[in-house]
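Participant: Pasting the sequence and the predicted model now:
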Amino acid sequence: MDPSDWIDVNEDSFSYKIEHFNIPEHYLEDVSKILIPHGLILDRVEKLARTIVSQYTDRLVVCCVLKGGHQFFADLVGFLKKLTNKEGKHLPIALDFIRVKSYENDSSTGKVQISMTEKELASLKGKDVLIVEDIIDTGKTMVSLVNHLKTYELKSVKIASLFVKRTPLSNGFIPDYVGFSVPDLFIVGYCLDYNDYFRDLDHVCSISPVGQKKYAIKQ
Ligand code: HPA
Ligand code: MG
């Protein structure tokens, strides 16, 4: 996928008041704007699934990066199971899960921990693997993960990230499949969290100063 195929989300030209859509009442004062409504996210995920189905033939291991990737993963897999390629065939898929942690509050700590046993990693040898991530911000996490996987002789490894942040801190990492390019803001919802809050919000929103303060990790 070429970056010209990503949907560019802009804070001003592309946002909705929180009154425009349903928001859980416990978050009403914690978000400022809805950047991407849930329905639009689902339409975009369906299109990514169609592109993916058209580009693979052999069994694909779809690997969810927990926890943030889980909603994108669940919806993507749902579409992958339904859609067929040009020959009318479904793509055989296997599911896997990995936990990669690098964040505390909203700035990168630079530390990345990957949780997958040697045995689990070795079982990926010779397979087509699609890593499913919620957001590429600095790119550090994904570069570490992809480098780590190189030693395990996978047949192929591609990355699907629903969001890529336009940030000067990016290391230039570009995923193979991308839903939206988003502004350099801390965003939450659709499983993107702020210290584990907002995973139960379906729309992608910018966080308000109130929310930022309320849910910050107390030092
Ligand atoms: N929101 C939530 N999680 C994130 C973000 C963000 O903007 N960037 C990197 N991880
Ligand atoms: Mg993530």
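Facilitator: The structure has been received and is ready for your questions. Ligands and ions are numbered 1, 2, ... in the order given.

Participant: residues contacting Phe21?
Facilitator: Contacts were defined as Cβ atoms under 8 Å, 6 or more residues apart in numbering; by that measure Phe21 touches 34, 37-38, 203. To be clear about C-beta, it is placed using only N, CA and C from the backbone, and glycine gets the same treatment.

Participant: Among those residues, which ones are in strands?
Facilitator: Secondary structure of the contacts of Phe21 is defined by DSSP state E; positions in strands are Ile34.

Participant: could you point out which element follows the worst-scoring helix or strand of the chain on mean pLDDT?
Facilitator: Scoring the helices and strands of the chain by mean pLDDT, DSSP states H and E places strand 107-115 at the bottom, with a mean of 61. Beyond strand 107-115 in the direction of the C-terminus, DSSP states H and E gives the next helix or strand as helix 118-122.

Participant: where does the protein have low pLDDT?
Facilitator: 14, 102-112, 219 (pLDDT under 70).

Participant: Sketch out the helices for it, chain order is fine.
Facilitator: For the chain, applying DSSP state H gives helices covering 38-55, 70-82, 118-122, 140-150, 209-214.

Participant: Can you pull the residues of this structure lying near ligand 2?
Facilitator: By Cβ under 5 Å from the ion, the part of the chain that sits against ligand 2 consists of 68, 134.

Participant: how about the CA coordinates for stretch 159-168, as PDB?
Facilitator: As requested, C-alpha coordinates have been extracted for stretch 159-168 and formatted as PDB (Å, rounded to 0.1, in the frame of the first residue of the first chain):
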ATOM      1  CA  ILE A 159       2.700  -5.100   9.300                       C
ATOM      2  CA  ALA A 160      -0.900  -3.800   9.300                       C
ATOM      3  CA  SER A 161      -1.400  -0.700  11.500                       C
ATOM      4  CA  LEU A 162      -4.700   1.000  11.700                       C
ATOM      5  CA  PHE A 163      -3.100   4.400  12.400                       C
ATOM      6  CA  VAL A 164       0.200   6.100  11.600                       C
ATOM      7  CA  LYS A 165       1.000   9.300  13.500                       C
ATOM      8  CA  ARG A 166       2.500  12.200  11.600                       C
ATOM      9  CA  THR A 167       5.200  13.000  14.100                       C
ATOM     10  CA  PRO A 168       8.700  14.500  13.800                       C
END
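
Participant: in it, what counts as buried?
Facilitator: 159-165 (16 or more other Cβ atoms under 10 Å).

Participant: In JSON lines, list those along with distance to Ser144.
Facilitator: Rendered in JSON lines, the data for these read as follows (distance: Cβ to Cβ, whole Å):
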{"residue": "Ile159", "distance to Ser144": "12"}
{"residue": "Ala160", "distance to Ser144": "17"}
{"residue": "Ser161", "distance to Ser144": "15"}
{"residue": "Leu162", "distance to Ser144": "20"}
{"residue": "Phe163", "distance to Ser144": "19"}
{"residue": "Val164", "distance to Ser144": "17"}
{"residue": "Lys165", "distance to Ser144": "17"}
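
Participant: tell me, which of these make contact with ligand 1?
Facilitator: Among those, the residues lying close to ligand 1 (Cβ under 6 Å from any ligand atom) are Lys165.

Participant: Between the buried residues of stretch 159-168, which sits nearest Tyr190?
Facilitator: Distance from Tyr190 was checked for each of these by Cβ to Cβ. The minimum falls on Leu162, at 7.6 Å.

Participant: Contact partners for that closest one?
Facilitator: The neighbourhood of Leu162, defined by Cβ under 8 Å, 6+ apart, consists of 41, 44-45, 48, 72, 133-135, 178-180, 190.
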